[in-house]
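S.K.: no sequence for this one, just the structure:
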């Protein structure tokens, strides 16, 4: 009947438009969420150490006279094949939903770009510490993305973070050399610094891709990274993009070569898997802050120990400025996020026939979301990093589309029984 149809539609809109019910805001649920985020932060810390170590080892292994890119490329390939075998045995490939495939692929693209651009930045001569510091631009880029596509004005914390990030990047990039005030023999590694910035931006994409596919196994995300990194890194020495000794040099020291290869495999597996799992468990703002802090500290430590190159005051000031910018972005996410109502102000939705159509309602809502997918992605990125939300105009547009969802879910009323005669 018409009354029954109106009841179903009304309950559907309450379920999908109103804030979460009181059961989602219980103290026990909050504690579980906090524990989940803490585990994610610890995993991202491990990932930051692992990824930065892989970049540092490119310098060490090259100095040992061993083919780094060939070794790490084959190590990544072996890890990917092992993950593929395990995932296939568990039937994980068939469990990936169609809507998650693009995020699994994006995780591989961004993970590959983060490592490859970071390696190339160091290869061109940029110091490891500077590369790690410049990689912290991802949070600021997310804030600007939110301003550009959501129409939401930046808050004071956002503006401060953007200014500090720009200032920090300028200081880290050796302004005395850029302005011609340094020694005449100083070479400005413009390409290395540019590659470092690109590496940082893509690392932010890894956080977003993992957050958008939280239902997917972290090993599936890790497999996507490995399967895409393998051909790129192996082709570097073959295409003469990097200079490397031939693989035959390992014949003279097989034990050393096997030890390095085994260490690289373990490091690759731990760092990529920890990054995928950790990014799924905690918000991108917190993950980016931890990842940047760990990478920056380890990068500058390696720069001092391996190259005997102590960062000057200007470089350290720039790195501190960029780290502070990332911290401000993390704070702004909580500061500017819309406040959820307390459990006392929420009333649970009564049981109704709407539960019978939940599956079809999800499909209809997904179709509506696809129409505005780009705006939704921009909104998600900005909210994850900076707490920005869609402008009132965008929110009104979404509300106008809600009746369309309800119409797709609730079929027209039909007469049955004697009314059909």
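M.R.: Cool, the structure landed. These figures come from a predicted structure and were not determined experimentally. Residues are numbered from 1 along each chain as shown.

S.K.: quick check: buried residues in stretch 57-75?
M.R.: 57-59, 61-62, 66-75 (16 or more other C-beta atoms under 10 Å). All C-beta atoms are positioned from the backbone trio N, CA, C, and that covers glycine.

S.K.: compute the first-to-last residue distance for that stretch.
M.R.: 14 Å (C-alpha to C-alpha, to the nearest Å).

S.K.: burial measure for the nearest residue to residue 83 once chain neighbours are set aside, as a count.
M.R.: If the residues on either side of it in the chain are set aside, residue 83 comes closest to residue 223, at 4.3 Å by C-beta to C-beta, 6 or more residues apart in numbering. Look at residue 223: counted by other C-beta atoms under 10 Å, it has 27 neighbours.

S.K.: what sits against residue 223?
M.R.: 80, 83-84, 87 (C-beta atoms under 8 Å, 6 or more residues apart in numbering).

S.K.: repeat that for 6 Å
M.R.: The neighbours of residue 223, taking C-beta atoms under 6 Å, 6 or more residues apart in numbering as the test, are 80, 83-84.

S.K.: so which strand or helix has the nearest residue to residue 309 once chain neighbours are set aside?
M.R.: Nearest residue to residue 309, sequence neighbours excluded (C-beta to C-beta, 6+ apart): residue 303, at 5.3 Å. Here residue 303, judged by DSSP states H and E, is contained in helix 284-307.

S.K.: the inter-axis angle of the next helix or strand after that helix versus helix 284-307?
M.R.: For helix 284-307, the following helix or strand on the C-terminal side (DSSP H and E) is helix 313-336. Calculated by axes from the mean of the first three to the mean of the last three C-alpha atoms, to 10 degrees, helix 313-336 forms an angle of 170 degrees with helix 284-307.

S.K.: in helix 313-336, which residues are buried?
M.R.: Neighbour-count burial for helix 313-336 [16+ other C-beta under 10 Å]: 315-316, 318-319, 321-333, 336.

S.K.: go on, stretch 237-250?
M.R.: So for stretch 237-250, counting by 16+ other C-beta under 10 Å, buried means 237, 242, 244, 250.

S.K.: longest helix in the protein, please.
M.R.: Longest helix in the chain by number of residues (criterion: DSSP state H): helix 27-63.

S.K.: and the angle for that helix with helix 284-307?
M.R.: 30 degrees.

S.K.: follow-up on the earlier one: in which helix or strand does the residue nearest to residue 83 reside?
M.R.: Going by DSSP H and E, residue 223 is part of helix 218-238.
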